[in-house]
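Engineer: give me coordinates for this.
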Amino acid sequence: MLRITDARSGEPIDLPRGLTRVHVHPVGEDTTALRLLLVADVLARALDLDGSPCLTVARVGPDLRARADALGIRRAEPEAPPGGRVLHVRGPGRPAPEDGPHLEVAPSDDPSDDPSDDSSGTADPTALRLVLLARPRRLPAAPDAGALAEAARTLARWRRSVAGWAEHPSRPVPDEVRGRLRAAWEDDLDLPAALDVLRSLEAGVTSEAGRNGGAGERDGAVPPGARFESYAYADRLLGLELTREIGTRY
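Structural biologist: As a prediction, the model looks like this:
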């Protein structure tokens with residue numbers, strides 16, 4: 001069951017299955033507003049994975065809508081019919097409606113506008129999505145040129161790996177991997193922890209202990225087909241297009 005921390009009370013709240021309306025409160029069209037929409041997008045994905053239908057509600061201008069589309073963020077409805085549970089996603093210091101719990105998201109700097117640096121206009125805007133997902137939502141994010149370039153390299157490497165693993169017989173997602181992924185996103189949307197699971201699998205282990213040299217299944221013990229299914233499963237939440245290179249020859 002998904003559990004979030006209400007920013008108003010500081011108390012954890014369990015979200016039982018049921019229709020949920022996620023109301024997003026962006027101000028302006030900068031990267032902070034984009035980050036709010038991204039958190040709402042991942043929250044909606046987590047609810048969907050838990051079997052709860054979800055509707056995202058926000059008033060979004062055309063520039064912000066274009067940026068959100070580039071990051072694979074689902075489109076929000078400007079209005080929503082009554083009914084179901086209500087959650088709010090907002091920035092710090094913004095008005096707090098009383099009709100549901102709140103997820104507070106820290107500000108984010110805009111990528112560099114230096115014309116000599118094309119990382120903010122990268123051919124793969126999903127790099128910005130990864131940079132923002134990798135930062136705990138309560139902490140400010142600074143997607144500078146270095147962070148965007150590193151994220152683009154990580155995505156390229158993961159997509160090449162997934163494409164290679166897809167050529168092997170499929171194997172189920174290991175129970176430990178599935179458990180770690182769900183424990184991460186069900187614990188107040190801990191997305192950095194979910195990304196750590198992928199890094200462990202990339203290293204050929206199913207646990208962080210094994211990745212660091214402790215007990216854990218080591219390289220060769222996790223079949224390629226299981227790594228493929230694990231990355232594809234995680235990407236239902238993360239939305240990083242990790243399977244898009246399948247069929248590509250390197």
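Engineer: what's around the closest residue to residue 44 other than its chain neighbours, how many residues?
Structural biologist: Spatial nearest neighbour of residue 44, chain neighbours left out: residue 54 (4.3 Å); criterion: CB to CB, 6 or more residues apart in numbering. Heads up, the C-betas are built off the backbone N, CA and C, glycines and all. Other residues within reach of residue 54, judged by other CB atoms under 10 Å, total 21.
Engineer: do the same with residue 66
Structural biologist: 11.
Engineer: what's the answer for the one 3 residues further on, then?
Structural biologist: By the other CB under 10 Å criterion, the neighbourhood of residue 69 contains 12 residues.
Engineer: over to residue 234?
Structural biologist: Residue 234: 23 neighbours (other CB under 10 Å).
Engineer: related to what we said a few turns ago, contact partners for the residue nearest to residue 44?
Structural biologist: Contacts for residue 54 (CB atoms under 8 Å, 6 or more residues apart in numbering) come out as 19-22, 43-44, 47-48.
Engineer: quick check on those residues: which are buried?
Structural biologist: Neighbour-count burial (16 or more other CB atoms under 10 Å) is assigned, among the contacts of residue 54, to 20-22, 43-44, 47.
Engineer: tabulate those in CSV, adding columns for pLDDT.
Structural biologist: Below are the buried ones among the contacts of residue 54 laid out as CSV (pLDDT from 0 to 100):
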residue, pLDDT
20, 94
21, 95
22, 95
43, 96
44, 96
47, 95
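Engineer: secondary structure added to the contacts of residue 54, as JSON lines?
Structural biologist: JSON lines is the format used below for the contacts of residue 54 (DSSP: H, G, I helix; E, B strand; the rest coil):
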{"residue": "19", "secondary structure": "coil"}
{"residue": "20", "secondary structure": "strand"}
{"residue": "21", "secondary structure": "strand"}
{"residue": "22", "secondary structure": "strand"}
{"residue": "43", "secondary structure": "helix"}
{"residue": "44", "secondary structure": "helix"}
{"residue": "47", "secondary structure": "helix"}
{"residue": "48", "secondary structure": "helix"}
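Engineer: now flag whichever of those residues is closest to residue 81.
Structural biologist: Relative to residue 81, the closest of the contacts of residue 54 is residue 21; by CB to CB it sits at 8.7 Å.
Engineer: so that closest one touches residue 88, yeah?
Structural biologist: No. If you go by CB atoms under 8 Å, residue 21 and residue 88 don't touch, sitting 9.6 Å apart.
Engineer: and residue 105, what does it touch?
Structural biologist: Counted by CB under 8 Å, 6+ apart, residue 105 has contacts 32, 35-36, 39, 89-92, 137-138.
Engineer: which of those are buried, as a ChimeraX select command?
Structural biologist: To isolate the buried ones among the contacts of residue 105 in ChimeraX, judged by 16+ other CB under 10 Å, type:
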select :32,35,36,39,89,90,91,137
